[in-house]
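Chemist: for reference, the sequence and a predicted model appear below.
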Amino acid sequence: MILERLSFKNINLSDPFFDSLKADYKEFPSWFAKKAEDTAYVFKNEHGLIDGFLYVKVEEGMVGDVTPPLPPTRRLKVGTMKINAHGTKLGERFIKKIFDHAIFEKVREAYVTVFSEHRPLILLLEKYGFQQVGTKTSHNGTELVLTKQLQGISEDVVRSYPLVRLAHQKAYLLALQPQWHTRLLPDSILKTETADIVQDVSHTNSIHKVYLAAMSGMEVLKRGDILLIYRTTDGQGPAHYRSVATSVCVVEEYRSLFSFKAQEEFLAYCRPYTVFEESELLTLWKTRKYPHVIRFTYNIALRKRVTRAVMIEEVGMDAGAYWGFMPLTHQQLVNVLRRGLVDESLVVNQA
């Protein structure tokens with residue numbers, strides 16, 4: 001499942017995928033032609049036909065063609081988003097793309113207009129914090145206007161995504177070996193200070209993750225807890241300098257492997273979001289060696305990796321502790337995030 005970022009001029013408007021958009025928006029073909037040099041995300045199925053299309057752009061000022069008007073600000077407009085759902089996670093990947101662009105462009109709001117009959121799309125947007133704030137009426141009919149604020153935070157960790165609430169939340173360091181880290185958190189191997197952040201990386205580019213581990217003490221994890229992901233040494237030098245903090249995630253759910261009543265229930269839970277292949281999952285189920293099952297959202301890739309040396313010498317973390325899974329103080333987490341050059345707008349430090 002590879003998303004391509006293509007120029008409009010290289011996208012086939014005659015693909016049947018666009019028929020419904022042409023029906024909903026009479027001006028769609030002429031609008032499409034005017035965008036010849038712009039780019040959009042396109043997903044094609046195994047037959048080469050389009051199954052997903054996403055176009056976003058930055059706007060400045062007031063949005064006056066909706067009721068009530070949106071006040072002046074810099075915001076991201078989701079110009080077009082359509083998905084043919086076939087049981088894939090494409091909708092979620094598009095949502096992640098929207099937020100990737102919003103963060104990269106440093107906007108505080110994203111908005112989209114959608115006809116009310118497109119209920120599955122509306123439910124998807126609402127799941128990640130979009131809310132209806134008005135309507136837009138044109139010769140095509142009346143659409144709903146939904147916005148996502150990238151500053152306020154919800155009580156729900158998914159609706160708050162990609163923001164991270166620090167206040168009153170417990171935080172832990174979670175170590176991943178390099179081979180699992182690369183599979184699980186692809187953005188964390190990018191030079192994220194460049195526009196590469198908005199490129200699709202791999203099939204693992206998703207918001208939700210499932211990971212299995214055997215480290216003691218992990219059963220304390222609760223929804224909303226923060227995970228500082230720590231990639232252990234890659235063997236290219238001393239661990240003191242090659243082991244690094246790379247990412248910030250938020251726990252959605254902790255489950256014991258033994259809470260699953262049957263193999264198929266376990267596979268259905270893990271399969272969509274895990275780093276493990278099905279054969280690996282089957283082995284994990286049979287051996288029961290990794291009893292901790294964690295589902296979490298992948299919120300932030302640190303712009304600068306923070307080494308074990310820095311975390312010990314500057315942040316004050318205990319060199320003698322077990323750096324597999326261990327609690328962090330609020331101040332330790334904040335100090336690591338600052339050294340990782342995390343965008344302060346993504347971190348909410350107050351209650």
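Modeler: Yep, it's here. Quick caveat: nothing in here was measured; it's all calculated off a predicted structure.
Chemist: at the geometric centre of the protein, which residue sits there?
Modeler: Ile207 (3.4 Å; CA atoms, centre = their mean).
Chemist: quick one, grab the pLDDT at the nearest residue to Leu184 once chain neighbours are set aside.
Modeler: If the residues on either side of it in the chain are set aside, Leu184 comes closest to Val275, at 4.5 Å by CB to CB, 6 or more residues apart in numbering. Every residue, glycine included, has its C-beta placed from N, CA and C. Predicted confidence (pLDDT) for Val275: 81.
Chemist: ok, Val275 - how many residues close by?
Modeler: 19 (other CB atoms under 10 Å).
Chemist: repeat for the one 10 residues further on
Modeler: A count of neighbours around Trp285, defined by other CB under 10 Å, yields 18.
Chemist: give the contact list for it.
Modeler: Taking CB atoms under 8 Å, 6 or more residues apart in numbering as the contact definition, Trp285 lies against Leu257, Gln263, Phe266, Leu267.
Chemist: wouldn't the residue nearest to the centre of the chain be in contact with Tyr298 here?
Modeler: Yes - the pair formed by Ile207 and Tyr298 meets the contact definition of CB atoms under 8 Å, at 6.2 Å.
Chemist: same for the longest helix along the chain, what does it pack against?
Modeler: Secondary structure of the chain read by DSSP state H shows that its longest helix is helix 90-104. Based on contacts counted as 3 or more CB pairs under 8 Å, 6 or more residues apart in numbering; DSSP states H and E, the elements that helix 90-104 packs against are strand 39-44, strand 50-63, strand 70-83, strand 109-114, helix 119-127.
Chemist: which residues are contacting it?
Modeler: 1, 3, 41, 43, 51-52, 54, 56, 76, 78, 81, 83, 85, 110, 121, 124-125, 128, 148, 150, 161-162, 195, 197-198, 200, 205-208, 343, 346.
Chemist: one more time with 7 Å, if that's ok
Modeler: Surrounding helix 90-104, the residues in contact under the criterion CB atoms under 7 Å, 6 or more residues apart in numbering are 3, 41, 43, 51-52, 54, 56, 76, 78, 81, 83, 110, 124, 128, 150, 162, 195, 197-198, 205-207, 343, 346.
Chemist: between helix 119-127 and it, find me the angle.
Modeler: Interaxial angle of helix 90-104 relative to helix 119-127 (axes from the mean of the first three to the mean of the last three CA atoms, to 10 degrees): 40 degrees.
Chemist: quick revisit: can you tell me how far the residue nearest to the centre of the chain is from Gln331?
Modeler: Going from Ile207 to Gln331 by CB to CB, to the nearest Å gives 28 Å.
Chemist: could you do Leu228 as well?
Modeler: Spatial separation of Leu228 from Gln331 under the definition CB to CB is 13 Å.
Chemist: the more surrounded of the two?
Modeler: Ranked by neighbour count (other CB under 10 Å), Leu228 and Gln331 place Leu228 first, with 24 against 10.
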